[in-house]
Structure formats: structure tokens, C-alpha cells
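Student: Here you go, sequence then predicted model.
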Amino acid sequence: MILKKFSYTLTLLALLSPMALGQTVPAKKPSDDPEALKKDAVAFLRETMADVNNLRTLENRISFSAELAGLMWFHDEKEARSLYLNVFANFQQLLMQYDMQMNQFPSAEADEEGPYSYRRGGMFAEITDKGRLLRRFQTAMAVRQQISMSLAEHDPELAFSFYFDSITAITNPTFRQQLESRDKFFEVKLMTEIARSNTAKAAEFAMKALDDGINYQHIELLKKIYEKDPEKGAELASAMLSKFKSGKNADDLWVASTFLNAAGESFEKSKAKGGKRPMLDREGLRDLADALAQAILDGKDEEGNGLQYVSEIEKYNPSRAVQIRAKFKVTATRAYRVESTANMAANRMARASNSTSNANLSDSRAERERLEREKAEKELQQNVEKLANKDLPKDQRDKVVADVRRILTQTPGKDKKIVGLSALAAQVAKAGDRELAAEIMKDAQALVNPQPKTYQDFLLSWMLANGYVESDPEKAFPVLEDTIMRANDTLAAFIKVGEFIDVAGDMIDEGEVQVGAFGGEMVRGLTSELGMADTLLKKLAKANFKKTRDLANRFDRSEIRILAKMMILRAVLDKGKQDPDKLEKEVDAALEK
């Protein structure tokens with residue numbers, strides 16, 4: 001639990017992720033050359049590689065190098081593959097080192113010892129060398145996940161091969177025992193990532209993984225594959241059906257029922273005009289319902305829990321539904337009553353909620369206030385949109401701005417005020433009145449603590465910077481520079497506390513936060529999945545790449561500095577990220593409508 005809280009808090013502090021604002025683009029655009037920007041970014045990438053090579057722990061160097069290789073892929077696939085090969089070699093070296101060390105322990109020495117067994121001795125118990133090595137091996141397995149997810153974005157087949165082939169060199173029986181209890185949750189997650197770019201490969205890998213059984217994640221993966229490629233989805237569904245018919249997952253009624261519901265829904269939708277191929281046809285649905293019914297009939301369920309699935313089975317296999325009811329010796333009426341038991345509590349809660357809602361609606365004052373608020377918000381939005389029109393007379397523009405500012409001052413919450421004022425300033429700047437935009441942003445700046453202490457203070461500072469980047473990017477840099485300088489003290493104190501509670505060195509080793517200790521997802525999560533800062537970073541980079549680069553270098557800790565650099569690099573290099581210029585055109589089109 002402590003590890004999860006530490007991970008969550010460190011992630012938030014390190015993110016540099018301002019809250020999303022209304023996406024508008026300043027009228028005065030920086031003169032930029034996309035090729036020159038890309039060239040600067042690649043040079044910055046190589047600079048970051050040097051930083052990674054200077055990290056103290058091999059696990060961190062491998063994790064960060066994998067993500068850098070993924071970023072290089074956006075520029076030069078051949079060089080990126082070469083970088084990945086180097087990562088693979090370093091990872092194999094790490095595993096072989098751990099394997100050799102573990103083999104040196106006598107086989108009879110504490111065979112039952114696990115990586116966390118030292119905790120049985122209390123706070124002051126010393127962890128053994130073997131226990132410490134076991135935990136390092138677990139961290140290495142998380143690094144393996146990090147490499148696989150980074151590579152899956154570019155070469156799904158190579159990622160999947162690396163994930164399973166990278167551990168073939170392990171000979172120690174203790175490690176082998178740990179590997180046998182594979183992380184099936186992650187494996188399906190990896191397939192889901194692969195499905196984003198290559199549904200055929202994801203379906204192929206998923207079919208191979210069915211031998212180990214089907215769980216709820218496989219159903220979710222099936223839905224994603226089917227959504228992108230109905231043909232491949234239907235092939236996977238057919239393979240899953242075969243497993244259920246052969247008796248696999250016979251005791252997991254809920255998974256079978258979930259599969260039946262998903263396949264049934266696709267079948268009903270396929271009947272519509274232009275409908276796509278269903279996961280299973282009518283005969284397949286009947287066979288799946290039959291397998292589910294047979295599992296209920298063959299099971300040792302004496303309380304009739306299987307009755308909750310009867311109504312679904314009856315849609316496609318009525319005779320089996322009759323048999324199930326007969327087994328539990330209940331009438332159809334009784335069966336349907338039992339089938340709905342699982343939903344009774346939810347229905348009662350829904351009725352209570354509806355009752356409360358009706359009571360609120362009967363309160364004329366609350367309803368009137370709600371309608372007035374909605375009307376005011378709609379008028380505010382319309383007025384702000386008018387400001388983008390450069391032909392709007394100055395007196396009308398001034399009146400609209402004054403009205404909007406007055407409304408915003410009455411809006412509760414500093415965050416909402418800053419967002420609203422920033423959006424207003426961006427529209428005014430877009431109309432060409434940069435002096436008025438600067439005046440409006442002063443109102444927003446007055447809401448921010450110039451000496452941030454709390455997490456909320458830091459977030460408001462990031463929001464202010466995001467507001468400036470919409471109307472005057474150059475003014476965003478001083479805000480971020482000052483905030484990062486103050487964040488350094490907070491981060492240093494926070495990691496000091498982390499060292500204090502991290503007695504076994506799970507999270508911090510040799511003075512470095514171990515990204516592998518956070519499940520292998522920390523690096524990729526910050527640089528890819530959390531895209532809240534992409535627009536800000538891309539606009540800052542286009543406005544002044546050198547200053548944007550220098551922002552990352554202002555972080556004192558090497559791990560945080562590298563993470564910040566990677567976020568900038570992904571924002572600039574990732575071709576899949578939406579460009580602010582394209583975004584501007586979409587916003588303009590929407591405003592015209």
C-alpha cells in the first residue's frame with residue numbers, strides 16, 4: 001500500500017501536467033521550421049541518452065533506454081532497433097547475473113523464503129541476501145514489462161517475442177518457480193496494446209494464450225479486437241468458444257456468461273442494415289449457451305446460484321434452461337425471481353436515488369437556480385466565442401469582455417476562474433488585442449500563490465502557465481521556471497521521506513528512485529499514456545525550443561529530469577500526437593458553425 005501511494009504521489013509531483021484548457025491557439029504564431037524543430041529534438045534525444053547512461057543502477061538505465069529507443073523510432077527506425085538490441089543485451093546480462101548469484105546459494109538454504117519474508121520478523125528484522133536478490137529479480141521482471149510495452153507501440157511481434165524469450169536463460173529453480181506464476185494480467189494488457197496497431201497479431205497471440213484458460217480480460221480484449229476488425233474478432237471468439245465447449249473454464253460461470261452477453265449483443269447488432277459480422281452466429285451462441293448450461297448442471301451448486309444465468313441461456317438454448325430449472329426443482333416464476341436476486345439491491349438503490357432526485361426536482365428553488373446557471377454558462381460560452389471575430393466593433397468587444405470577467409469573478413473555485421480567464425485571454429489575443437489579453441491574464445496570475453507550498457498551489461501554477469501559452473507563450477516560461485525551482489525542494493523532501501519508510505530499498509536504491517519498482521509502467525505512463533501536457537509542451541517547443549529544453553534541465557534529480565525530457569521529446573516527435581496548427585483549424589471550423 002505504501003508503495004502504491006508513493007508511486008501515485010511521485011507521479012503527480014513529477015508530471016508537469018496542467019489541467020486541460022479550452023484548446024485555442026494564439027493569433028501570433030512563432031515562426032517555426034518543422035524540420036529544424038525535429039532536428040533540435042533529435043539532438044536533445046541524444047543528450048538525454050547521455051543522461052541515462054550516467055544513472056547509477058542498471059535497472060533504471062535499461063528502463064529509460066527502452067523508452068528512448070521508442071522515441072527514436074519516430075525519427076529513425078533502424079537506429080531505434082539498434083538501441084533496442086542494446087537494451088535486450090543489457091537485460092539478458094542482468095538476468096544472467098541474478099541467476100548466477102541465486103545459484104550460489106545452497107539449495108537447502110531457506111527454500112521457503114520469499115522476497116518479503118523478512119517482514120515476519122518485524123520492523124527491525126534484517127533481510128537476507130537471498131531475499132534481497134529475490135526482490136531485485138521481481139524488479140527486473142517489471143523492467144521486462146517496461147521494455148515490452150515500449151516496443152509494442154512500434155513492433156508488436158518483436159515485443160511479444162522479447163517478453164517470452166528474454167527469460168529462457170533462467171536456470172535457477174527458485175526463479176523458475178516465480179516465472180511459472182506468470183503475470184497473466186500484464187500479458188493480456190500487452191496484447192491489448194498490440195491490438196491498437198495490429199489486430200491480426202493481437203488476435204494470433206490471444207489465441208495462443210487461451211491454453212492457459214480464459215478470464216474476464218480476454219473478453220475485454222476480444223471486444224477491442226472485434227471493434228477494430230470484426231473478422232479477426234470473430235475468429236478469436238470462435239477459438240474461445242472451442243475452449244468452453246471442451247470443458248475449459250467450466251467452473252467460471254461468470255466469464256462464460258459475460259462472453260455470451262458480448263457475443264449476443266454483437267449478433268443482435270449484426271441484424272441491422274449494414275451490420276458487421278457478429279462474434280458468433282446463432283449456432284455458435286447456442287453452443288456457448290449449451291456449454292454454460294452444462295457447467296451449471298455438472299457443478300456442485302446446491303443453492304441455485306446458477307439460476308441467475310438461466311434467462312440468458314434461454315435466449316439461445318431453451319431446452320437447457322428447462323433442465324437447469326428442473327435440477328433445482330423450482331417453477332419458472334421462482335427461477336426468474338432467483339435470477340433477479342443479484343439485481344435487487346441495485347434496483348433498490350436506483351429507486352432510492354430516483355426518489356431523492358424527484359425530491360430535488362420538486363424543489364422549485366433548486367430547479368430555478370439550475371436553469372439560471374445553465375443559461376448563464378451558455379451565454380458565457382457564446383460571448384467568448386464572439387471575441388474570435390476580428391470584425392467585432394471594439395466597444396462591443398469591451399462590453400463582452402467586461403461581462404465575462406464579471407461572471408468569472410463570481411464563479412466559485414480558483415481553478416475554474418483561471419481556466420475561464422485563460423480561455424478569455426486566448427480569444428482576445430486571437431482577435432488581435434494582446435494588451436487586453438495580458439491584462440486579463442494578470443487577473444488569473446493574481447489567483448496563484450507566487451510561493452507554492454501545497455499540491456494545489458503547484459497545480460494552479462501549471463494551469464496559469466497553460467493559460468499563458470495560449471495567449472503569450474513567452475510569459476509561460478518564467479512561471480514554469482520558478483515553479484520547477486520550488487518543486488525541486490518539495491521533490492527532494494518527498495524522496496527523503498520515501499527513503500525513510502523504504503527500509504528494504506524496494507523503491508529507492510543507490511539514491512535513485514527505481515522506476516521498475518512501480519510495475520514497469522511509470523516511464524511509459526508518464527511519457528505516453530498521460531497526454532495532458534502534450535499541447536502545452538508542443539506549443540512551448542515551437543515558440544522556443546531552447547527554453548523548453550532548459551525547463552527540463554532545471555530539475556535537480558536525474559530521474560525527474562530525464563522523465564521531463566522524455567515528455568518533451570514525445571510531444572515533439574510522436575507523429576500520432578495532434579499538432580496545435582491542426583487543432584486550430586478544427587477549433588476555427590467549430591466556431592464558425
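Tutor: In hand now; what should we look at? Numbering: from 1, shown residues only.
Student: From now on I want contacts and neighbour counts done on CA atoms only, so please keep to that.
Tutor: OK.
Student: Now for residue 253: which residues touch it?
Tutor: Shown in contact with residue 253 (Cα atoms under 8 Å, 6 or more residues apart in numbering): 292, 295, 296, 306.
Student: among the residues you listed, who's most crowded?
Tutor: For the contacts of residue 253, the largest number of neighbours (other Cα atoms under 10 Å) sits with residue 292, at 30 neighbours.
Student: The host helix or strand of it: what's the following helix or strand?
Tutor: Using DSSP states H and E, residue 292 sits within helix 282-298. Next in sequence after helix 282-298, counting helices and strands by DSSP H and E, comes helix 310-316.
Student: Now that following helix - C-alpha only, CSV.
Tutor: Taking Å, rounded to 0.1, in the frame of the first residue of the first chain, the C-alpha atoms of helix 310-316 are listed here in CSV:
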residue,chain,number,x,y,z
VAL,A,310,-30.9,-19.1,-17.0
SER,A,311,-32.6,-16.1,-18.7
GLU,A,312,-29.5,-15.6,-20.9
ILE,A,313,-29.2,-19.3,-21.7
GLU,A,314,-32.9,-19.5,-22.5
LYS,A,315,-32.5,-16.9,-25.4
TYR,A,316,-30.3,-19.4,-27.3
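Student: what's downstream of it, the next helix or strand?
Tutor: Toward the C-terminus, helix 310-316 is succeeded by helix 318-327 as the next helix or strand (DSSP H and E).
Student: Packing partners of that following helix?
Tutor: helix 282-298, helix 310-316 (3 or more Cα pairs under 8 Å, 6 or more residues apart in numbering; DSSP states H and E).
Student: Centre of the chain to the last one, how far?
Tutor: When you say that, I think you mean helix 310-316. Counting by Cα atoms, centre = their mean, to the nearest Å, helix 310-316 is centred 36 Å from the centre of its parent chain.
Student: swap in stretch 501-510?
Tutor: Using Cα atoms, centre = their mean, the offset of stretch 501-510 from its chain centre is 26 Å.
Student: Just the terminal-to-terminal distance for it.
Tutor: Stretch 501-510 has an end-to-end distance of 15 Å (Cα to Cα, to the nearest Å).
Student: which stretches of the stretch 1-150 of the chain have low pLDDT?
Tutor: The model of the stretch 1-150 of the chain has pLDDT under 70 over residues 1-32, 107-126.
Student: What segments of it are strands?
Tutor: Secondary structure of the stretch 1-150 of the chain (DSSP state E, counting those that start in this stretch): no strands located.
Student: for it, what spans make up the helices?
Tutor: Using DSSP state H, counting those that start in this stretch, the helices found in the stretch 1-150 of the chain span residues 2-14, 34-53, 58-73, 77-103, 129-152.
Student: tell me the angle of the last one relative to helix 58-73?
Tutor: It stands for helix 129-152. With axes from the mean of the first three to the mean of the last three Cα atoms, to 10 degrees defining the directions, helix 129-152 sits at 0 degrees from helix 58-73.
Student: cool, and the second one?
Tutor: When the same axes, to 10 degrees is applied, the directions of helix 34-53 and helix 58-73 differ by 170 degrees.
Student: what packs against helix 34-53?
Tutor: Going by 3+ Cα pairs under 8 Å, 6+ apart, helix 34-53 lies up against helix 58-73, helix 545-553, helix 558-573.
Student: could those be laid out in a markdown table, adding distance to residue 538?
Tutor: What follows is the helices and strands packed on helix 34-53, written out as a markdown table (distance: least, Cα to Cα, whole Å):
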| stretch | distance to residue 538 |
| --- | --- |
| helix 58-73 | 15 |
| helix 545-553 | 9 |
| helix 558-573 | 6 |
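Student: nearest to residue 178, of the ones you listed?
Tutor: For residue 178, the closest of the helices and strands packed on helix 34-53 is helix 58-73, at 19.0 Å, according to Cα to Cα.
Student: Wasn't residue 447 part of a helix?
Tutor: No: under DSSP: H, G, I helix; E, B strand; the rest coil, residue 447 falls outside any helix and is assigned coil.
Student: Relative to residue 535, how far out is the closest residue to it other than its chain neighbours?
Tutor: Once flanking residues are discounted, residue 447 sits nearest to residue 414: 6.5 Å by Cα to Cα, 6 or more residues apart in numbering. Distance, residue 414 to residue 535, using Cα to Cα: 22 Å.
Student: The two: who's more crowded?
Tutor: Neighbours were tallied for residue 414 and for residue 535 using other Cα under 10 Å; the higher tally belongs to residue 535 (24 against 15).
Student: does the more buried one sit in a helix or strand, and which one?
Tutor: helix 534-543.
Student: tell me the angle of that helix relative to helix 558-573?
Tutor: 80 degrees.
Student: quick one: buried residues of helix 534-543?
Tutor: The neighbour-count criterion (16 or more other Cα atoms under 10 Å) identifies 534, 535, 536, 537, 538, 539, 540, 541, 542, 543 as the buried residues of helix 534-543.
Student: and of the helices and strands packed on helix 34-53, who's closest to residue 489?
Tutor: helix 558-573 (12.7 Å).
Student: Show me what that closest one is packed up against.
Tutor: helix 2-14, helix 34-53, helix 58-73, helix 534-543, helix 545-553.
Student: Turn those helices into TSV, including distance to residue 571.
Tutor: Output for the helices and strands packed on helix 558-573, formatted as TSV (distance: least, Cα to Cα, whole Å):
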stretch	distance to residue 571
helix 2-14	16
helix 34-53	10
helix 58-73	10
helix 534-543	5
helix 545-553	12
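Student: May I see the helices and strands packed on helix 318-327 organised as TSV, with distance to residue 167 and mean pLDDT added?
Tutor: Shown next, in TSV, are those (distance: least, Cα to Cα, whole Å; pLDDT from 0 to 100):
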stretch	distance to residue 167	mean pLDDT
helix 282-298	37	87
helix 310-316	43	87
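Student: I'd like the ones you listed laid out as JSON lines, including distance to residue 58.
Tutor: JSON lines is the format used below for the helices and strands packed on helix 318-327 (distance: least, Cα to Cα, whole Å):
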{"stretch": "helix 282-298", "distance to residue 58": "49"}
{"stretch": "helix 310-316", "distance to residue 58": "53"}
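Student: how about those helices, which one is nearest residue 73?
Tutor: helix 282-298 (42.6 Å).
Student: what angle do that closest one and helix 318-327 make?
Tutor: 10 degrees.
Student: next one: helix 282-298 to chain centre, how far?
Tutor: For helix 282-298, the distance to the chain centre is 36 Å (Cα atoms, centre = their mean).
Student: How about that helix, which residues are buried there?
Tutor: 284-297.
Student: What is the neighbour count of the residue nearest to residue 206 when sequence neighbours are not counted?
Tutor: Nearest non-adjacent residue to residue 206, counting by Cα to Cα, 6+ apart: residue 191, 6.9 Å away. Residue 191 has 27 neighbours, counted by other Cα under 10 Å.
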